[in-house]
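Engineer: can't give you the sequence, but here's the structure:
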């Protein structure tokens, strides 16, 4: 049988063979598998109407299209399968307890508190652990995942429960979904005076998708207009039938503000765990867990909040979490106290990673640092390839011309205080619906302060930098001002979303209108060897402002439309501005000025679009 021709290029005949390629693979990776020159695949795709370089990450659809032309069945390996195969190559596996049944010991339940924004989730946790979190959050909205462990007396026996607080704003869907996956029991908080809201339904869906038991806390029963019975009726529509109605879901009426029935809620959690779940883990194996949150601390470096799921994590262990690795130098609990080891269901902050891992990344203890580094490097390369493939637009020859003419693209660099927030913000921004003519592209994202490297990249790619709960460090601000890079700082996520949406929808270019500042008449001229011609002026009205835009008017005619007031002095002192009725000396970026000329200063103010 003759080898097939693809786009006029003779290529091997696959004859139904199956090829496994990683997500984000390049044509070079494909060529290696079938032992051909990558240039042949590039030429074949070009002739088929698509331009791709040999080392460029390619979408799964393109790989499958090319494979079908040659008779190969292309199987794009999912990130989960690829990661499993990677760990197996190091004789590691995640998610399994090692040892016999006798090695398993009872562990505390991990409880996620979920629900609609402002329904009292954080206040409930405050009541349980007698701490104040909500007051320190911007806008009163919890924007990070926090993990806390408390001891509660149930039937005169002290029982430990681990709580995970998930953010309440709708943009944190991914973080809440992740919280549900790493939990044993979900507490759905519903305000008795408000009822079931969109995020309440979303929380229920996440918990049910994760197949975890649900306990419903009907909060704010002390408020006027509270209708706990109505809440029970509404929740039955989502498959949560109260025990008093013959169902199997425990409902507890509480007031987080007053501290009413909190003990009953905790008792319900323990009873649900005992009745529905077999919560056991082997504490004697190498630790495995999940990174609930991660951020960059100026003094301590990368810090990950980790929930141990099996095994025991100890100071000194070599660990790998996602594409970050390191050695546990220190562990602290939610009170800031040092911890030497963390058993199953124990949340701790781990210090010692070389970089910030992602929220939701799996954490594993490995034998040596070299193994941890190799796993992390392979994951990092895979993530880069997958990201490149996802962000690459397929450009055919037909639409190349229109693509080259496109100018309406907003490039963003997103920096945040922790990885979960960055991920949630990016997802929310990419979900903004705008015209096809306007594109939003996140060209870089990361955890920590805005650096000079970020500013350099923004300057090279005309990007706007979004700083969420972080600020610029070192000389980054100075460089941004010099390069004209716009850095926007936010502490509330929906403000960032609203502003970016407004920028996209108003995009072709912002509309500016001129606002007059003032006029000054030149009364005398002075020559200076250092600065050139200095104009001695009297401010006729308004103000003269240093660095303001200006125009030169002579005999009622505009001589120069655009110049700048480069320096301004009042008597012998430098001045930022000089007001009406005062004399001043100034220089402008135009040399041919005369006595009697009028300098009119103005500024351009952005006009809001209708």
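Structural biologist: Done, it's in. Being a predicted model, the structure only gives us computed values, none of them experimental.
Engineer: what sits closest to residue 444 if chain neighbours are left out?
Structural biologist: residue 413 (4.7 Å; Cβ to Cβ, 6 or more residues apart in numbering). The C-beta positions use only the backbone N, C-alpha and C, and glycine is treated the same way.
Engineer: how distant is the host helix or strand of that neighbour from the center of its chain?
Structural biologist: For residue 413, the host element (DSSP states H and E) is strand 409-416. Put simply, strand 409-416 sits 11 Å off its chain's centre (Cα atoms, centre = their mean, to the nearest Å).
Engineer: tell me which residues are up against that strand.
Structural biologist: Contacts of strand 409-416 with the rest of the structure, by Cβ atoms under 8 Å, 6 or more residues apart in numbering, involve 422, 425-426, 429, 438-450, 454, 457-458, 461-470, 500, 503-504, 507.
Engineer: hmm, try it at 7 Å
Structural biologist: Residues outside strand 409-416 that contact it (Cβ atoms under 7 Å, 6 or more residues apart in numbering) are 422, 425-426, 429, 439-448, 450, 454, 457-458, 461-470, 503-504, 507.
Engineer: of these, grab the buried ones for ChimeraX.
Structural biologist: Those of those that count as buried under 16 or more other Cβ atoms under 10 Å are selected in ChimeraX with:
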select :422,425,426,429,440,442,444,445,446,447,448,450,454,457,458,463,464,465,466,467,468,469,470,503,504,507
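Engineer: just to revisit the earlier point, tally of neighbours for the residue nearest to residue 444?
Structural biologist: 23 (other Cβ atoms under 10 Å).
Engineer: the one 4 residues further on now?
Structural biologist: Residue neighbour count, defined by other Cβ under 10 Å, stands at 21 for residue 417.
Engineer: what's the closest non-adjacent residue to it?
Structural biologist: Leaving aside its sequence neighbours, residue 417 sits nearest to residue 469 (Cβ to Cβ, 6+ apart; 4.0 Å).
Engineer: show me what contacts residue 196?
Structural biologist: Taking Cβ under 7 Å, 6+ apart, one finds 190, 234, 235 in contact with residue 196.
Engineer: ok, and for the strand holding residue 413, which residues are buried?
Structural biologist: So for strand 409-416, counting by 16+ other Cβ under 10 Å, buried means 410, 411, 412, 413, 414, 415, 416.
Engineer: for the fourth one, report the pLDDT, please.
Structural biologist: Per-residue pLDDT puts residue 413 at 92.
Engineer: how far away is it from residue 499?
Structural biologist: 15 Å (Cβ to Cβ, to the nearest Å).
Engineer: hmm, back to that, ok, the buried residues of strand 409-416 vs residue 556, which is closest?
Structural biologist: Comparing these against residue 556 with Cβ to Cβ places residue 410 closest, at 43.1 Å.
Engineer: mind checking pLDDT for that closest one?
Structural biologist: Model confidence at residue 410 (pLDDT) stands at 81.
Engineer: what's the answer for residue 155, then?
Structural biologist: At residue 155, the model reports a pLDDT of 76.
Engineer: can you offset everything so residue one is 39?
Structural biologist: Shifting the count to begin at 39 puts that one at residue 193.
Engineer: what's the spacing between it and residue 201?
Structural biologist: 20 Å.
Engineer: who has more neighbours out of the two?
Structural biologist: Legend: neighbour count by other Cβ under 10 Å for residue 193 and residue 201, higher for residue 201 (24 against 8).
Engineer: contact partners for that one?
Structural biologist: Per Cβ under 7 Å, 6+ apart, neighbours of residue 201: 149, 151, 163, 166, 186, 188.
Engineer: count the residues that sit near the fourth one.
Structural biologist: Residue crowding around residue 166 was assessed by other Cβ under 10 Å; the count is 21.
Engineer: need phi/psi at the closest residue in space to it that isn't next to it in sequence.
Structural biologist: Once flanking residues are discounted, residue 166 sits nearest to residue 188: 5.7 Å by Cβ to Cβ, 6+ apart. Torsion angles at residue 188 (phi, psi; degrees, to the nearest 10) stand at phi -130, psi 150.
Engineer: residue 188 pairs with what?
Structural biologist: residue 199 (DSSP bridges).
Engineer: my read is that it contacts residue 167, right?
Structural biologist: Yes - with contact defined as Cβ atoms under 7 Å, residue 188 and residue 167 form a contacting pair (5.4 Å).
Engineer: ok so, going back, reformat the buried residues of strand 447-454 as TSV; add distance to residue 626.
Structural biologist: Shown next, in TSV, are the buried residues of strand 447-454 (distance: Cβ to Cβ, whole Å):
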residue	distance to residue 626
448	35
449	35
450	37
451	36
452	40
453	39
454	43
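Engineer: ok, of those residues, which one's closest to residue 103?
Structural biologist: residue 449 (29.1 Å).
Engineer: okay, the closest one and residue 477: tell me how far apart.
Structural biologist: 9 Å.
Engineer: residue 290 now?
Structural biologist: 48 Å.
Engineer: confidence score at the closest residue to residue 143 other than its chain neighbours?
Structural biologist: Distance criterion Cβ to Cβ, 6+ apart; nearest residue to residue 143, sequence neighbours excluded, is residue 321 at 5.7 Å. On pLDDT, residue 321 comes in at 91.
Engineer: need the contact list for residue 321.
Structural biologist: Going by Cβ under 7 Å, 6+ apart, the list of residues near residue 321 reads 143, 349, 350, 381, 382.
Engineer: again, 6 Å this time
Structural biologist: Applying Cβ atoms under 6 Å, 6 or more residues apart in numbering to residue 321 gives the contacts 143, 350, 381, 382.
Engineer: now swap in residue 406 and tell me
Structural biologist: So residue 406 contacts residue 356 (Cβ under 6 Å, 6+ apart).
Engineer: before we move on, the earlier item: ok, so of the contacts of residue 234, who is nearest residue 418?
Structural biologist: residue 228 (41.5 Å).
Engineer: and the closest one, bridged to which residues?
Structural biologist: Beta-bridge partners, per DSSP bridges, of residue 228: residue 256.
Engineer: from memory it sits against residue 270, does it?
Structural biologist: No - here residue 228 does not reach residue 270: they are 9.6 Å apart, not a contact under Cβ atoms under 6 Å.
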